[in-house]
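# Sequence and predicted model, in that order:
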Amino acid sequence: MNTLAEAWLKKQHITVGEAIGEIGGMSSTTAHRRLKNLREKGLIELEVDETDNRLKHVVPTDLSFQYFTQLGKCIESAQRS
């Protein structure tokens, strides 16, 4: 999720293939499985590219925004302690 969040923060569109390639330290099969799990949990969605139907972009859901908002609050709280 961190790799995806970094791309989303920069307003970059990231395809499934790019996401799999960006997730370092694991095989493409494992990375694909992680994306599938995130999708099943409702943290990401896949949208078909407007100009090329073969490409799918990984996009955040409202649930992923809630996750990162809560994570940010937890980090701020830990820094104050």
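Yes, it's here.

# make it CA atoms for all contacts and neighbour counts henceforth
Will do.

# OK, contacts around Asn53?
If a contact means Cα atoms under 8 Å, 6 or more residues apart in numbering, then Asn53 has no contacts.

# from now on call the first residue 558
Sure thing, new numbering starts at 558, so read that last one as Asn610.

# His589 and Met583, how far apart?
When Cα to Cα, to the nearest Å is the yardstick, His589 and Met583 sit 10 Å from each other.

# the more surrounded of the two?
Shown here are His589 and Met583; by other Cα atoms under 10 Å, His589 has more neighbours (18 against 12).

# Surely the more buried one and Gly578 touch.
No. Applying Cα atoms under 8 Å as the test, His589 and Gly578 come out as separate, 9.7 Å apart.

# Chain neighbours aside, what residue packs nearest to Leu603?
Val615 (4.9 Å; Cα to Cα, 6 or more residues apart in numbering).

# ok, how many other residues are close to that neighbour?
Applying other Cα under 10 Å, we find 22 residues neighbouring Val615.

# Just to be sure, it is in a strand?
Yes. Applying DSSP: H, G, I helix; E, B strand; the rest coil, one finds Val615 inside a strand.

# from what I can see it touches Ile601, true?
Yes. Assessed by Cα under 8 Å, Val615 is found in contact with Ile601 at 6.4 Å.

# related to what we said a few turns ago, list residues touching both of His589 and Gly578?
Shared contacts of His589 and Gly578 (Cα under 8 Å, 6+ apart): none.

# you'd agree Leu603 is in a strand?
Yes. Secondary structure assignment places Leu603 in a strand (three-state DSSP).

# distance of the residue nearest to Leu603 from Tyr624?
Using Cα to Cα, one gets 16 Å for the distance from Val615 to Tyr624.

# Relative to Lys593, how far out is Val573?
Computed as Cα to Cα, the Val573 to Lys593 distance reads 10 Å.

# gap between stretch 609-629 and the chain center?
Mean-position distance between stretch 609-629 and its chain equals 5 Å (Cα atoms, centre = their mean, to the nearest Å).
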